[in-house]
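Peer 1: Following is a predicted model, sequence given first.
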Amino acid sequence: MRNAMPLVEALRNPETVHALDSAGWTDLISIARAESLIGSLAHRLQDVDVPEQVNPVLKDAIEAHELARQQALWEADCARRALAGLDCRTVLMKGTAYVAADLQAGVGRSIGDLDIMVARDKLPQVENALLDAGWEWVKPDPYDDHYYREHMHELPPLIHRDRDRMIDVHHTTLPLTARPTPDAQAMLDDAVKLDNGLYVMSPADMLLHSIAHLFADGDLAGGLRNLWDIDRLVREFADAEQEFWVNLGMRAKIHGLLPHLARALRLAELLYDTPVSKNHAGQSRLSDNLYARRLLARDGYGRETRKITRQAFYIRSHWLRMPPLMLANHLWTKWRKGGAGPR
C-alpha cells in the first residue's frame with residue numbers, strides 16, 4: 001500500500017474490507033496499529049465478516065481497549081480524589097473525556113496520559129495536591145520547568161510513583177506563545193459536570209479543542225486518529241443538538257479558531273465523508289491536498305513516508321508555537337542540552 005487510504009476507507013465504510021486479500025489485511029492492520037486506530041477499526045468491523053485469522057487480532061484490540069478504558073477512568077478518579085478538597089473545576093480532556101462522557105469518539109479510542117484542565121490561578125494548589133498524592137516530576141530540569149511555566153499551556157508532565165501513570169495538567173489548550181489564543185476561562189465556565197463531580201468540555205468546545213490540537217499546534221503526527229475523533233464528535237453532537245452548528249460557530253469565533261474549524265471540517269469530509277455544515281467549512285483549497293498528503297503518509301508496513309512533507313509540517317508546528325527569535329533560542333538551547341523541546 002502506498003498510503004493509509006485503505007484504513008480511512010475501512011473506517012468510513014467497513015464493507016470495503018471484503019476486497020482485501022491476505023496481504024491487504026496485513027497492511028491494514030499494520031497501518032491501524034501505527035496510527036493508534038486498531039481499537040477503533042476493530043469496533044467498526046464487529047458486524048463484518050472477516051477472515052478467520054483476522055478475528056483474534058480484532059478481538060485482542062477490543063479487549064485491550066476495554067482495559068485501557070477502565071484504567072483511564074480509574075486514573076481520572078484518582079485525580080478527582082486528590083483534588084477533591086480544592087475549590088476548582090477539574091475538566092477531563094481528550095480520550096479520557098470521551099470515555100467518561102460515554103461518547104462515540106471513545107469507542108475503541110486509544111488513551112495514553114490523563115489530561116486535565118484547571119484554572120490557571122489554581123495551578124499552585126493543584127500541583128501541590130498532586131505531589132502530596134504521589135505524583136512526581138517525570139524529568140526535573142530547570143530550563144524545561146521554566147519553559148513550561150512561562151510559555152506552555154500546561155505544567156511539566158507528572159508521573160505517579162506507584163502506578164507509573166502520567167498526568168498532564170493544562171490551564172489552557174494551546175501554548176501561550178501560539179497564534180490562536182483560545183479563551184480558557186470560557187471553556188471552564190461552559191464545562192459540563194459529570195455524575196462523579198468531574199467535568200468535560202461543552203460539545204462545541206470539546207470539538208474545537210480536538211481541532212486546535214491537530215491543526216493549530218501539532219505537526220499532524222497521528223492525525224488520522226484525531227481526525228476520526230472529529231468525525232465522531234461532529235456526527236454525535238450535530239444529531240443530538242439542534243443548535244449545534246450555530247453554537248459551534250460562535251465558540252470558534254470566541255476562541256479564534258474559525259479558520260482551523262473550516263480546515264478540519266473540509267478534511268473530515270474529504271477523508272471520512274463527515275456530514276458538515278458548508279457555511280462553516282467554506283470552499284475547498286489547494287492546500288487541503290497537502291494536509292491530506294501528510295495525514296496519509298504511511299506505507300503498508302505502517303512506516304512513515306513522505307519525509308519532506310513531514311519535515312515541513314514539523315517546522316510549521318514549531319513556527320506556530322512561538323515567535324521566530326524565541327524559537328531559535330529555544331531550539332539552540334535544547335540542541336546544546338541534547339534533548340527535544342517540550343511538545
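Peer 2: Cool, got the structure.
Peer 1: Going by C-alpha atoms from here, please, whenever you check contacts or count neighbours.
Peer 2: Fine.
Peer 1: name the element residue 208 belongs to?
Peer 2: Residue 208 is part of helix 203-215 when elements are defined by DSSP states H and E.
Peer 1: which outside residues touch that helix?
Peer 2: Residues from elsewhere that reach helix 203-215 (Cα atoms under 8 Å, 6 or more residues apart in numbering): 93-94, 173-174, 187, 200, 220, 223, 226-227, 229-230, 233-234, 237, 244, 247-248, 251-252, 257, 260-261, 264.
Peer 1: Show me the shaky parts of the stretch 201-343 of the chain.
Peer 2: Residue ranges of the stretch 201-343 of the chain with pLDDT under 70: 318, 321-343.
Peer 1: The spatially most distant residue from the centre of the chain and residue 101: what is the separation?
Peer 2: The centre of the chain is farthest from one residue, residue 52, which by Cα atoms, centre = their mean lies 32.7 Å away. According to Cα to Cα, to the nearest Å, residue 52 and residue 101 sit 34 Å apart.
Peer 1: one step back: which of the contacts of helix 203-215 count as buried?
Peer 2: Buried subset of those (neighbour count, 16 or more other Cα atoms under 10 Å): 93-94, 173-174, 187, 200, 220, 223, 226-227, 229-230, 233-234, 237, 244, 248, 251-252, 257, 260-261, 264.
Peer 1: Now go through those and say which are in strands.
Peer 2: Members of the buried ones among the contacts of helix 203-215 lying in strands (criterion: DSSP state E): residue 200.
Peer 1: Okay, and which of the buried ones among the contacts of helix 203-215 map to helices?
Peer 2: 94, 187, 223, 226-227, 229-230, 233-234, 237, 244, 248, 251-252, 260-261, 264 (DSSP state H).
Peer 1: check contacts around residue 25.
Peer 2: Applying Cα under 8 Å, 6+ apart, the residues contacting residue 25 are 17, 54.
Peer 1: Can you name the next helix or strand after the helix or strand it falls within?
Peer 2: Using DSSP H and E, residue 25 sits in helix 22-34. Using DSSP H and E, the helix or strand that follows helix 22-34 in sequence is helix 38-44.
Peer 1: Can you check what angle separates the top helix by length along the chain from helix 22-34?
Peer 2: Taking DSSP H as the criterion, the chain has its longest helix at helix 55-82. In terms of direction (axes from the mean of the first three to the mean of the last three Cα atoms, to 10 degrees), helix 55-82 departs from helix 22-34 by 10 degrees.
Peer 1: What mean pLDDT does helix 55-82 get?
Peer 2: The average of the pLDDT scores along helix 55-82 is 97.
Peer 1: Now do that helix: which elements does it pack against?
Peer 2: If contacts are counted by 3 or more Cα pairs under 8 Å, 6 or more residues apart in numbering; DSSP states H and E, helix 55-82 sits against helix 38-44, helix 94-100, strand 114-117, helix 123-132.
Peer 1: cutoff 6 Å now
Peer 2: Contacts defined by 3 or more Cα pairs under 6 Å, 6 or more residues apart in numbering; DSSP states H and E place helix 55-82 against helix 38-44.
Peer 1: chain center to the helix it packs on, what's the gap?
Peer 2: The chain centroid and the centroid of helix 38-44 are separated by 17 Å, computed with Cα atoms, centre = their mean, to the nearest Å.
Peer 1: Against residue 82, how distant is the closest residue to residue 288 other than its chain neighbours?
Peer 2: With Cα to Cα, 6 or more residues apart in numbering as the criterion, residue 288 has its nearest non-adjacent residue at 6.9 Å, and that residue is residue 267. Distance, residue 267 to residue 82, using Cα to Cα: 40 Å.
Peer 1: These two - which one has more neighbours?
Peer 2: residue 267 (22 against 18; other Cα atoms under 10 Å).
Peer 1: give me every residue that touches the spatially closest residue to residue 117 that is not a sequence neighbour.
Peer 2: Leaving aside its chain neighbours, residue 117 sits nearest to residue 170 (4.4 Å; criterion: Cα to Cα, 6+ apart). By Cα atoms under 6 Å, 6 or more residues apart in numbering, the contact set of residue 170 is 116, 117, 153, 154.
Peer 1: Mind pulling up the pLDDT for residue 170?
Peer 2: Residue 170 is given a pLDDT of 97.
Peer 1: low-confidence ranges in the stretch 51-200 of the chain?
Peer 2: Using pLDDT under 70, the stretch 51-200 of the chain has no residue that qualifies.
Peer 1: CA atoms only for the helix holding residue 25 - export them in CSV, please.
Peer 2: Extracted in CSV, the C-alpha atoms of helix 22-34 (Å, rounded to 0.1, in the frame of the first residue of the first chain):
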residue,chain,number,x,y,z
SER,A,22,-4.2,-11.6,3.0
ALA,A,23,-1.5,-9.1,2.1
GLY,A,24,-4.1,-6.3,2.2
TRP,A,25,-5.2,-7.3,5.7
THR,A,26,-1.7,-7.4,6.9
ASP,A,27,-1.1,-3.9,5.6
LEU,A,28,-4.4,-2.6,7.0
ILE,A,29,-3.7,-3.9,10.5
SER,A,30,-0.1,-2.6,10.4
ILE,A,31,-1.3,0.9,9.4
ALA,A,32,-4.1,0.9,12.0
ARG,A,33,-1.6,0.0,14.8
ALA,A,34,0.8,2.7,13.7
